[in-house]
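Asker: Make a model of this:
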Amino acid sequence: MPAIRLENLTKRFGDLTAVDSLSLDVVEGEIFGLVGPDGAGKTTAMRLLTAIMEPTSGDAWIDGKHIRRDAEAIKENIGYMSQRFGLYADLTVAENIDFYADIYCEPRRGRREIIDRLLEFSNLQPFKKRLAGNLSGGMKQKLGLVCALIHTPKVLFLDEPTNGVDPVSRRDFWRILYQLLREKVTVFVSTAYLDEAERCNRLALIDRGRLLACGTPDEIKGLMRGAILEIRCERPRAAAALLKEKLANATVGLFGDRIHAVGERPERITAEIGRILAEGNLGIESIRLIEPSLEDVFVSVVAEVGERGEGRGERERSN
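Answerer: Reported below is the predicted structural model:
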């Protein structure tokens with residue numbers, strides 16, 4: 001039995017469809033990533049699965065419990081860390097954890113051992129007497145995670161837990177998540193960071209509430225159409241704009257100070273890029289073939305869906 005199962009889960013707000021017939025399974029003891037840009041429907045899907053919000057249609061089960069019929073039972077057996085987790089700034093780290101232990105009705109007997117283990121687990125033991133309001137962003141996220149774990153949930157939902165957190169704290173946070181897998185906790189995490197998504201066992205790409213693709217990071221990368229050329233040049237923003245206008249049969253995107261051009265015939269595209277940028281008086285520093293990142297794949301899949309006018313998940317369900 002899957003730890004999480006969605007069947008055509010849908011949520012509408014008036015004319016807006018925030019989650020559109022989402023269907024997928026999450027197996028027990030894996031880190032599953034829900035990946036998409038802002039406005040893709042990640043938070044709405046998370047609220048549906050945690051029984052905070054009722055769907056317009058469709059079904060979902062968490063550890064075998066239905067999100068509508070068994071809503072209260074679900075809430076007792078999951079951990080949920082929202083984007084704005086409700087820490088109390090005027091309470092210490094230890095006091096916040098105790099408060100959430102009371103909310104979850106954790107018995108006093110044996111509680112101290114559990115809290116000490118979680119503090120060690122998250123490297124917060126030296127800071128247990130510090131006010132939560134005086135913690136760094138990364139430490140607040142760790143404290144939020146500890147509070148969500150205080151009642152030992154079977155499934156943990158994390159809604160963009162590292163949004164706005166520095167890279168070192170993001171790495172530490174993911175180290176903690178990997179440790180949870182040893183305890184058979186299923187982690188369902190949403191993120192807009194595609195580099196983070198590669199850390200998941202499996203992931204689903206969504207956009208505008210629709211499922212675009214689902215699989216391991218390598219399987220998702222296998223959906224990439226064509227080859228990727230990485231171009232380094234003078235004035236990359238101007239160069240990217242020119243290539244988008246002039247380069248036929250290729251998709252062009254700007255990634256920091258580099259340009260990615262995706263197409264089926266890299267040798268021909270390379271020659272075209274050289275000609276277009278030379279005519280625009282924009283010199284090329286280097287151009288080379290590279291392996292696709294998840295960001296490249298996401299852009300490619302979204303473009304493909306735009307051409308078809310439907311989600312990949314929708315097409316697969318109709319076959």
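
Asker: Just the CA trace of the helix or strand residue 205 falls within, in PDB.
Answerer: According to DSSP states H and E, residue 205 maps onto strand 202-207. Taking C-alpha atoms only, strand 202-207 is exported to PDB below (Å, rounded to 0.1, in the frame of the first residue of the first chain):
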ATOM      1  CA  ARG A 202      11.500  10.400  -6.900                       C
ATOM      2  CA  LEU A 203       9.800  13.600  -7.900                       C
ATOM      3  CA  ALA A 204       6.800  15.100  -9.800                       C
ATOM      4  CA  LEU A 205       7.100  18.100 -12.000                       C
ATOM      5  CA  ILE A 206       3.900  20.200 -11.900                       C
ATOM      6  CA  ASP A 207       2.900  23.500 -13.500                       C
END
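
Asker: Go through stretch 164-177 and flag the buried ones.
Answerer: Using 16 or more other C-beta atoms under 10 Å as the test for burial, stretch 164-177 gives 165, 169, 170, 172, 173, 174, 176, 177. Bear in mind the C-beta positions are built from the backbone N, C-alpha and C, glycine included.

Asker: Report the mean confidence score over it.
Answerer: Here stretch 164-177 scores 84 as its mean pLDDT.

Asker: I'd like the domain boundaries of this protein, if you could list them.
Answerer: Using automatic domain parsing, the domain parsing of the chain gives 4-221, 227-318.

Asker: Buried deepest among those, which one?
Answerer: Comparing these on average neighbours per residue, with mean count of other C-beta atoms under 10 Å, the densest one is domain 4-221 at a mean of 18.

Asker: measure that one end to end?
Answerer: Separation of the first and last residues of domain 4-221 by C-alpha to C-alpha, to the nearest Å is 24 Å.

Asker: Distance check, the residue nearest the centre of the chain against residue 198.
Answerer: Closest to where the C-alpha atoms of the chain average out (C-alpha atoms, centre = their mean) is residue 191, at 2.3 Å. From residue 191 across to residue 198, the span is 10 Å (C-beta to C-beta, to the nearest Å).

Asker: where are the low-confidence patches of the stretch 201-319 of the chain?
Answerer: 305-319 (pLDDT under 70).

Asker: before we move on, what about the stretch 51-200 of the chain?
Answerer: 85.

Asker: hey, where'd the strands end up in it?
Answerer: 57-62, 65-66, 78-81, 155-159, 186-191 (DSSP state E, counting those that start in this stretch).

Asker: could these be laid out in TSV, adding distance to residue 117?
Answerer: Output for the strands of the stretch 51-200 of the chain, formatted as TSV (distance: least, C-beta to C-beta, whole Å):
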stretch	distance to residue 117
strand 57-62	25
strand 65-66	27
strand 78-81	15
strand 155-159	16
strand 186-191	18
